[in-house]
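J.: build me a model from this:
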Amino acid sequence: MPAAARPAGPPRRKRFGQHFLHDRRVAARIVRALDARPGDHLVEIGPGRRALTGPLLELPGCTLDAIEIDRDLAAGLRPAFAGAPGHTLHEADALAFDFSALARARGGRLRILGNLPYNISTPLLFHLLSHTDAIIDLTLMLQREVVARLAAAPGDGDYGRLGVMLAPRVQVQRLFDVGPGAFQPAPRVWSAVVRLSVRAQPLFPISPQFAAVVAAAFSQRRKTLRNALSQMLTSGQIVACGIDPGARPGTLAAEAFNTLAEAAARATLDRAGGEG
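T.: Numbers count the residues shown, from 1 in each chain. Next up, the predicted model:
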């Protein structure tokens, strides 16, 4: 049996950014990296043509929920899930899916995995971030450049908003790279598999202003904090946080952004009080 079979199936829908994994060796490596145990509640995002789904359905003692937006692909997947206890196919958009409700229905936290379409990977990661209380970890195939951003440290060229936003809640472990030939059709870029393990407790109490401050800081990453955050904080307020207003956002750790967010929240309250 060839390692890289190309199963027939419904045509690719370009609007979904589909690049189907077809290399069985890569699929097997992902399943091994998952290291699922009996009692795990697995969730596959975008099962597509079953490269990962088949091996996942065979794992003993695990539940499996698969989320597929493409109705034609879902129709092809449905027979594999029919009559299988603990296995459910959801014809739904992962960007709008309630992972917390699924965890409650399953009676335990979830382990997410999948080959994520490049065109929705960042918004989907932010959506999953809002459900981290319901998630143990995520084993994901992403564009290699996205994984580099997730794993980057302050001062690295790849360091940016995505990595900062995830840092308080997850630990990032880059597992291995995957070449374009593992997919049909082959993308123009390399992919990589990464594990995001949800922390038992966030690194720090996350300010409600954290996301807004990080987004503003990286909206034009070459700007200094003084300029990027001028609508939220004065230079003096940034200095009071122990941070140089002339620093670039790419040099700050996530906790420093949280300190700025706390200051921004206080400044908002002070302005509201003054106006009152």
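J.: by contact count, what packs against the helix or strand hosting residue 112?
T.: Element membership of residue 112 [criterion: DSSP states H and E] is strand 110-115. On a contact count with 3 or more Cβ pairs under 8 Å, 6 or more residues apart in numbering; DSSP states H and E, strand 110-115 meets helix 24-34, strand 41-45, helix 99-106, strand 135-143. (C-beta placed from N, C-alpha, C; glycine too.)
J.: at 10 Å what do you get?
T.: strand 20-21, helix 24-34, strand 41-45, strand 63-68, helix 99-106, helix 121-129, strand 135-143, strand 191-198 (3 or more Cβ pairs under 10 Å, 6 or more residues apart in numbering; DSSP states H and E).
J.: of the ones you listed, which is nearest residue 266?
T.: Between residue 266 and these, the shortest gap by Cβ to Cβ is with helix 121-129, which sits at 24.8 Å.
J.: what's the spacing between the closest one and its chain's center?
T.: Chain-centre distance of helix 121-129: 5 Å, with Cα atoms, centre = their mean, to the nearest Å.
J.: what of stretch 177-191?
T.: Going by Cα atoms, centre = their mean, the spacing between the C-alpha centre of stretch 177-191 and its chain's C-alpha centre is 19 Å.
J.: nearest to residue 265 among the helices and strands packed on strand 110-115 would be which one?
T.: Per Cβ to Cβ, nearest to residue 265 of those: helix 121-129, 19.9 Å.
J.: report the angle between that closest one and strand 41-45.
T.: In terms of direction (axes from the mean of the first three to the mean of the last three Cα atoms, to 10 degrees), helix 121-129 departs from strand 41-45 by 160 degrees.
J.: which other helices and strands contact helix 121-129?
T.: By 3+ Cβ pairs under 10 Å, 6+ apart, helix 121-129 packs against strand 110-115, strand 135-143, helix 144-151, helix 161-166, strand 170-178, strand 191-198.
J.: got CSV for the ones you listed, with mean pLDDT, distance to residue 38 and mean neighbour count too?
T.: Below are the helices and strands packed on helix 121-129 laid out as CSV (pLDDT from 0 to 100; distance: least, Cβ to Cβ, whole Å; neighbours: other Cβ atoms under 10 Å):
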stretch, mean pLDDT, distance to residue 38, mean neighbour count
strand 110-115, 96, 13, 24
strand 135-143, 97, 15, 22
helix 144-151, 96, 29, 20
helix 161-166, 95, 29, 22
strand 170-178, 97, 23, 16
strand 191-198, 98, 20, 21
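J.: tabulate those (CSV), appending distance to residue 51.
T.: Formatted as CSV, those follow (distance: least, Cβ to Cβ, whole Å):
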stretch, distance to residue 51
strand 110-115, 8
strand 135-143, 10
helix 144-151, 19
helix 161-166, 26
strand 170-178, 12
strand 191-198, 13
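J.: which stretch among those comes nearest residue 237?
T.: helix 161-166 (19.8 Å).
J.: ok, and what's touching that closest one?
T.: 121-122, 125-126, 128-129, 132, 146, 148-154, 156, 172, 196, 206, 210-211, 213-219, 221, 249-250, 252-258 (Cβ atoms under 10 Å, 6 or more residues apart in numbering).
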